[in-house]
Every structure is written in C-alpha cells, then in structure tokens.
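Peer 1: Predicted structure and sequence below. I'll ask about it afterward.
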Amino acid sequence: MRWFEGSIPAAIAAAKQRRCVFVVVITGSDDQSSQLMSSWETDSVWEAAQNCCVAIRVDAESEACVQFSQIYPVVCIPSSFFIGENGIPLEVIAGSVTEDELKRRISKVSQMHTQQMSAERANETEEAASKESLSVPMEEDGASGHMTPAEDASQPDEALDSKVERITKKLEERREQKKKAEEENELRKEVERRKMGKEMLDFKKKQEEEKTKRLLEERNREKAEERAARERVKQQIALDRADRAARYAQSQAEVEAARVAALQARASEQESRRDAAQRERSAFARIQFRLPDGSSFTNQFPSETRLLEARRFAAQEVGGRYGQFSLATMFPRREFTDEDLQRSLLELELTPSASIVLLPQSSSAVVRSSASGGVWTVLGSLLYPLLSVWRYISSFLFSSAPAAPPPAPQNTHGPGAAAEPKRDAVRKRILEKRPEDFKKDGKIYGYGLKKTTRGDNNTWNGNSTQQM
C-alpha cells in the first residue's frame with residue numbers, strides 16, 4: 001500500500017484535487033492494529049484503492065490523531081475512516097477486518113463516492129442552465145417601451161409570460177428534486193450513521209465480552225493455580241509429616257536398638273564376668289571341716305581334687321582322735337560313699353565352697369575319751385555333734401554366729417586334765433599349717449583370696465561355726 005507522506009490537510013487537498021475519497025487509518029501497537037495493517041498492505045487492496053482513495057496512516061498516540069479526533073470521534077483503535085468530498089464519512093471500519101472484507105468495503109465506498117459525484121454534477125448542470133435561461137438579453141420595444149428577448153422580439157407578450165412561467169416551474173421542480181435528493185441523501189447518511197453506530201456498539205460489546213472472557217479465564221486460571229499451589233502445599237506438608245514420622249520412628253528404632261544392644265552387651269558382659277568368676281571360683285574349692293567337738297578347720301583344694309584326698313587331709317589333721325569316720329553334708333543332708341570318694345570336688349558340687357562334717361563310725365574314740373575324762377567327757381562327746389548341727393542351723397535362721405559351746409566339764413585332778421594339752425597341741429598344729437592368705441582380724445580368722453566376691457569372704461574363729 002502506498003501511503004500519503006504529508007500531513008492531514010495536505011492529504012485532504014490532494015483528495016479534493018483528484019476528486020477521490022479521503023481515507024484515514026488510525027492504528028496502535030496491539031494485535032488488531034497489526035492484523036488491519038497486514039490487510040491494507042496486500043496487493044489486491046492496493047489495486048482496489050489506488051484509483052479512488054488517498055490514504056494516510058496516523059498513529060493513535062500522535063498529535064495528528066488528537067486533532068483528527070476533535071472533528072471525527074475515534075471510538076476504538078484501530079479504525080478506518082472513508083470521508084467523502086463534502087467532508088461526511090461514507091464508511092467507518094472499527095477494528096480489524098480481513099482482506100476480502102476490506103476490498104468489499106472499498107468497492108462500496110467507491111460506488112457511493114461515484115453516485116455522490118454524479119448527483120453533484122447534475123445539480124451543477126441544472127443550476128448553470130437555470131442561470132443561462134434567466135440571463136437571456138432583453139431588447140426594448142420602441143413602440144411600446146417594454147424589454148423583450150432578442151430571439152423572441154417578434155413573439156407577443158403572452159408567449160414570454162408562458163415561457164417564464166415554464167422556466168420557473170422547471171426550476172421549482174428541480175429544487176424539489178434537489179431537496180428530495182438531499183433528504184434521501186440525509187436519510188441514507190442517517191442510515192449509514194446508525195449502521196456505523198451499531199457496528200461500533202457491536203464492536204465495543206464484542207471487545208467488552210472478549211475482555212470479560214479474558215478476565216474470567218485469567219481468574220479461573222488463577223484459581224486453578226491457587227488450588228494447585230494449595231494441593232502442592234498440602235502434599236508437601238503430608239510428605240514433611242511422613243518424613244518426620246519416619247525419622248522419629250527411625251530414631252526411636254535406633255534408640256531402642258541401641259538400648260537393646262547396650263542391654264545385650266551389658267548382659268553379655270555380666271554373663272562373661274559371671275562365667276569368669278564361676279570359672280575362677282570353680283578352679284578351687286574351699287572346704288570347711290567340722291569336727292564332732294564343735295571345732296572346725298578350713299583348707300583350699302583344686303576343684304579337680306578327689307574327695308578321698310580331702311578326707312586324707314582331714315584324717316591327717318585330726319589324727320586318730322575319732323578313729324574311723326565318714327564325711328557328710330548337712331544341707332542338703334548327704335553322706336558320701338566310697339564311690340563318692342573317687343569323684344572330684346567339682347563333680348560333687350562342692351565348689352567354690354562347702355562345709356563337710358566328720359561323722360565317727362565307731363565308739364572306740366568315745367571309749368577312750370571316757371576312760372580318760374569321766375562321765376562328763378563321754379556326754380560332751382555324744383552331744384557335741386548335735387550342738388554343732390544346732391549352731392549351723394542357728395547361723396542361717398538368726399544370721400548371727402551362735403555362742404561357743406560350753407566346755408565339757410573336766411576333772412582337773414583326774415585323767416581329763418591330760419586331754420587339754422592334747423587339744424592345744426592339735427590347735428597349734430592346725431595354725432602352723434594354715435595357708436599364706438589366712439588372715440586374722442582380732443579373734444576372727446579368715447581367708448583373704450585375691451579375687452573373691454563379697455559373698456565368698458567367709459570368716460572363721462576358733463570355736464564358732466563358719467559365717468557363710
């Protein structure tokens with residue numbers, strides 16, 4: 001499209017000079033303006049408009065558009081104004097149109113402009129003829145003194161009046177026709193104006209509907225995005241809660257596993273300590289031998305030592321005072337047989353400590369004692385085992401060591417006086433053979449083992465029973 005390069009007044013003057021339609025195209029920077037300009041720039045539109053239009057392009061933000069809108073209201077952007085020779089818009093296109101529609105509008109405007117020009121030429125011709133008819137030269141009639149047309153000088157006055165009347169009538173008819181044509185033109189312009197107003201209203205309505213639709217779509221899109229964002233937040237919160245719960249469960253599981261592992265390790269350590277202590281305690285057996293007279297002595301043996309060797313040690317310690325004797329435990333009540341003498345202390349469950357009572361098997365020792373000590377010595381020998389048992393039971397029932405048994409009545413002037421030095425000799429011999437770890441605390445004697453528990457720290461005194 002070849003646009004006019006000058007100003008709007010210069011374009012109007014060029015349109016009047018060429019007797020063409022003055023076209024003003026107002027565009028902006030939106031998409032519809034671009035579509036309208038693409039339709040105007042096609043070759044087919046240029047061919048349709050080049051012989052009947054003088055077109056100028058005006059920017060909607062320019063001063064020329066502001067001046068133009070003061071004369072012709074610009075309702076929407078873009079717009080195309082087709083203005084006739086008399087300054088009245090023949091067509092106004094609001095918004096963007098296609099190439100075919102633009103060609104049809106240009107053809108319609110061209111026909112309207114042609115009809116308008118033809119009507120104006122006819123009016124001008126009639127007015128010129130009327131002026132010529134009224135300006136016919138009149139000659140003076142010398143006889144009568146009246147002015148008559150030169151060509152009709154010979155005609156009578158009646159013919160001149162009828163001719164003037166006929167011309168006047170024709171002028172009146174032409175005025176009526178012209179008035180009627182003007183009324184029709186005004187009516188057509190009113191129709192076109194109403195049509196243009198309706199198109200503008202429809203265009204504005206369409207723009208409002210599109211705007212409302214866009215706003216509604218944007219609002220729906222925003223709501224959808226907001227819902228999606230809320231869903232994402234809810235999902236994230238659920239994931240965070242699940243993650244925290246999983247971490248908490250994992251931490252609890254780890255704490256529980258650590259606690260169980262610690263308990264297991266502690267139990268294993270305690271078990272190993274017990275096993276070590278048991279093995280250490282089981283490696284030796286501390287045997288307390290209780291004599292019928294209430295006295296006792298203690299010795300430590302390896303756990304694999306046979307009971308026979310322990311019996312030999314006891315027989316060596318007591319000598320021949322009691323003659324033949326057997327070994328027994330009181331709790332539980334058990335008397336060892338000849339078969340038990342061949343078994344080890346560990347097999348007989350006498351480790352780590354045990355108390356064994358020496359039971360005489362004949363009365364020879366009693367007879368010998370009676371011969372040397374009298375009746376009271378015999379009774380004391382018979383009752384001492386029972387008193388020893390009673391002391392042993394009392395030590396468990398009352399948790400305290402029973403009092404030492406009263407000494408058997410002896411005759412200081414008879415043979416019983418000779419038995420006392422023998423007991424002192426036996427006690428002295430026992431003390432001389434005590435082990436290195438045997439210790440004394442006042443009148444209390446005990447074994448100080450290197451690795452013994454509190455329950456295994458047993459004490460012993462000369463006359464009382466062992467404190468378990």
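Peer 2: Cool, got the structure.
Peer 1: in the stretch 251-400 of the chain, which spans are helices?
Peer 2: 307-318, 338-341, 364-373, 375-397 (DSSP state H, counting those that start in this stretch).
Peer 1: average pLDDT across the second one?
Peer 2: This means helix 338-341. With pLDDT averaged residue by residue, helix 338-341 scores 90.
Peer 1: What lies in contact with it?
Peer 2: 306-308, 311, 348 (Cβ atoms under 8 Å, 6 or more residues apart in numbering). C-beta here means a position set from N, CA and C on the backbone, and glycine is covered the same way.
Peer 1: Return the set of buried residues in that helix.
Peer 2: For helix 338-341, the neighbour count (16 or more other Cβ atoms under 10 Å) marks residue 341 as buried.
Peer 1: Mean confidence (pLDDT) on stretch 386-396, please.
Peer 2: 69.
Peer 1: tell me which residues in whichever strand or helix holds residue 44 are buried?
Peer 2: Applying DSSP states H and E as the criterion places residue 44 in helix 43-49. Neighbour counts over helix 43-49 (16+ other Cβ under 10 Å) mark 45, 48-49 as buried.
Peer 1: With stretch 195-215 instead?
Peer 2: 196, 199-200, 203.
Peer 1: Inside helices: which ones of these?
Peer 2: If you go by DSSP state H, the buried residues of stretch 195-215 have 196, 199-200, 203 in helices.
Peer 1: got the buried residues of helix 43-49 as CSV, with pLDDT and distance to residue 235 columns?
Peer 2: As requested, these are exported to CSV (pLDDT from 0 to 100; distance: Cβ to Cβ, whole Å):
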residue, pLDDT, distance to residue 235
45, 88, 57
48, 85, 62
49, 86, 62
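Peer 1: Which stretches in the chain count as strands?
Peer 2: Per DSSP state E, the chain carries strands over the ranges 21-27, 53-59, 79-83, 89-94, 138-140, 147-149, 284-290, 296-302, 325-329, 334-335, 353-360, 438-441, 444-447, 459-460.
Peer 1: need those in a markdown table with mean neighbour count and mean pLDDT, can you?
Peer 2: What follows is those, written out as a markdown table (neighbours: other Cβ atoms under 10 Å; pLDDT from 0 to 100):
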| stretch | mean neighbour count | mean pLDDT |
| --- | --- | --- |
| strand 21-27 | 24 | 91 |
| strand 53-59 | 21 | 91 |
| strand 79-83 | 23 | 90 |
| strand 89-94 | 22 | 88 |
| strand 138-140 | 12 | 44 |
| strand 147-149 | 15 | 45 |
| strand 284-290 | 21 | 89 |
| strand 296-302 | 19 | 91 |
| strand 325-329 | 17 | 89 |
| strand 334-335 | 12 | 88 |
| strand 353-360 | 19 | 89 |
| strand 438-441 | 12 | 50 |
| strand 444-447 | 18 | 48 |
| strand 459-460 | 16 | 44 |
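Peer 1: so which of those gets nearest residue 242?
Peer 2: Closest of the strands of the chain to residue 242 is strand 21-27, at 59.1 Å (criterion: Cβ to Cβ).
Peer 1: ok, residue 98 - contacts?
Peer 2: residue 39.
Peer 1: how close does it sit to residue 40?
Peer 2: According to Cβ to Cβ, to the nearest Å, residue 98 stands 11 Å off from residue 40.
Peer 1: same question, residue 260
Peer 2: Residue 260 is 88 Å from residue 40, where distance means Cβ to Cβ.
Peer 1: List the contacts of the closest residue to residue 107 other than its chain neighbours.
Peer 2: Closest residue to residue 107 in three dimensions, ignoring its sequence neighbours and counting by Cβ to Cβ, 6 or more residues apart in numbering: residue 48, at 6.5 Å. If you count contacts by Cβ under 8 Å, 6+ apart, residue 48 has them with 103, 106-107, 110.
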